[in-house]
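Undergrad: Pasting a predicted model and its sequence here:
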Amino acid sequence: MSHPAPSREPERLKDPVDKAAAGLIPVVREGFRAAWPICLGYFPIGLAFGVLAQKAGIGPLGVGLMSFLVFAGSAQFIAVSMLAQTAALTSIVLTTFLVNLRHLLMSSALSVYLRHSSWRFLCLFSHGITDESFAVNMTQFREGNWSRSEALTVNLVSHAAWVGSTILGAYGGQFIPAGAFGIDYALPAMFLCLLVFQLRGRLYAVTAVLSGALAVILALLIPGNTHIMLAAILAASLGFALRRSRIGGRKR
């Protein structure tokens with residue numbers, strides 16, 4: 001009785017997580033391919049951050065360490081702005097912590113695709129989660145042909161691009177006179193741009209106005225920079241309460 005000849009085609013990987021077993025080079029190549037648009041976006045922003053940090057009195061080494069350890073663009077811009085205003089360390093830490101709370105939600109969403117990963121891998125992977133890398137990796141994971149190694153490559157490549165561009169900006173900042181090219185306006189301009197992109201409805205606009213009004217009122221009543229953090233918490237809480245009341249009204 002003859003047996004069928006064994007197929008010479010390579011066995012298809014059943015789990016995207018196991019794609020790393022097929023070879024490191026293809027995995028890294030796919031990760032680079034997905035990460036390069038993020039790197040292009042990080043480069044000009046990183047340069048701007050490096051220049052602003054240098055003008056605030058932070059040297060290239062400090063900028064590089066901050067980008068490597070924190071790796072959160074908006075939080076780093078806020079921290080540099082508050083450092084330039086000699087804000088209290090507690091205020092800086094709490095403010096950046098609140099800004100980065102969204103990472104908790106992003107990590108929770110990604111954890112579905114990283115169930116069987118070791119804690120060492122998760123520690124390394126979670127450090128590289130940003131808004132951009134989260135969007136890329138979630139899209140790829142949902143398409144069903146993405147491995148955790150490719151996702152980690154996206155995070156690492158994006159991280160390296162951010163650190164390198166901020167250090168380059170810090171070195172270049174010493175050759176740019178203070179106030180040249182509108183550098184002094186770069187920080188408020190960036191946050192105004194971020195605010196506009198988040199105004200996706202009337203509720204978002206109301207929350208933004210409440211936050212600004214509360215920040216002004218609390219600044220007159222509370223010394224230091226804690227009014228920024230308090231205004232953000234109160235406005236976000238009020239916005240959430242308004243949203244819940246609206247949803248409850250629709251259900252009725």
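TA: Received the coordinates, thanks.
Undergrad: use CA for all of it now, contacts and neighbours both
TA: OK.
Undergrad: If you count contacts, what does whichever strand or helix holds residue 154 end up packed against?
TA: In this assignment (DSSP states H and E), residue 154 forms part of helix 148-173. Helices and strands touching helix 148-173, as assessed by 3 or more C-alpha pairs under 8 Å, 6 or more residues apart in numbering; DSSP states H and E, comprise helix 24-55, helix 60-69, helix 131-143.
Undergrad: Tell me which of the ones you listed sits most buried.
TA: Stretch with highest mean neighbour count among the helices and strands packed on helix 148-173: helix 24-55 (a mean of 20; mean count of other C-alpha atoms under 10 Å).
Undergrad: so where is the stretch 101-250 of the chain shaky, pLDDT-wise?
TA: 178-191, 194, 197-198, 224-225, 247-250 (pLDDT under 70).
Undergrad: quick one, strands of it?
TA: In the stretch 101-250 of the chain, no segments count as strands under DSSP state E, counting those that start in this stretch.
Undergrad: And the helices in it, which stretches?
TA: 102-111, 119-127, 131-143, 148-173, 183-198, 202-221, 226-251 (DSSP state H, counting those that start in this stretch).
Undergrad: what's the spacing between the third one and its chain's center?
TA: Pointing back at helix 131-143 there. 13 Å (C-alpha atoms, centre = their mean, to the nearest Å).
Undergrad: May I have it exported as PDB, CA atoms only?
TA: In PDB, the C-alpha atoms belonging to helix 131-143 read as follows (Å, rounded to 0.1, in the frame of the first residue of the first chain):
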ATOM      1  CA  ASP A 131       0.000  56.600  20.800                       C
ATOM      2  CA  GLU A 132       1.600  56.000  17.400                       C
ATOM      3  CA  SER A 133       3.100  52.500  18.100                       C
ATOM      4  CA  PHE A 134      -0.200  51.500  19.700                       C
ATOM      5  CA  ALA A 135      -2.200  52.500  16.600                       C
ATOM      6  CA  VAL A 136       0.200  50.600  14.300                       C
ATOM      7  CA  ASN A 137       0.400  47.400  16.400                       C
ATOM      8  CA  MET A 138      -3.300  47.200  17.100                       C
ATOM      9  CA  THR A 139      -4.100  47.600  13.400                       C
ATOM     10  CA  GLN A 140      -1.600  44.800  12.500                       C
ATOM     11  CA  PHE A 141      -2.800  42.500  15.400                       C
ATOM     12  CA  ARG A 142      -6.400  42.900  14.300                       C
ATOM     13  CA  GLU A 143      -5.500  41.900  10.800                       C
END
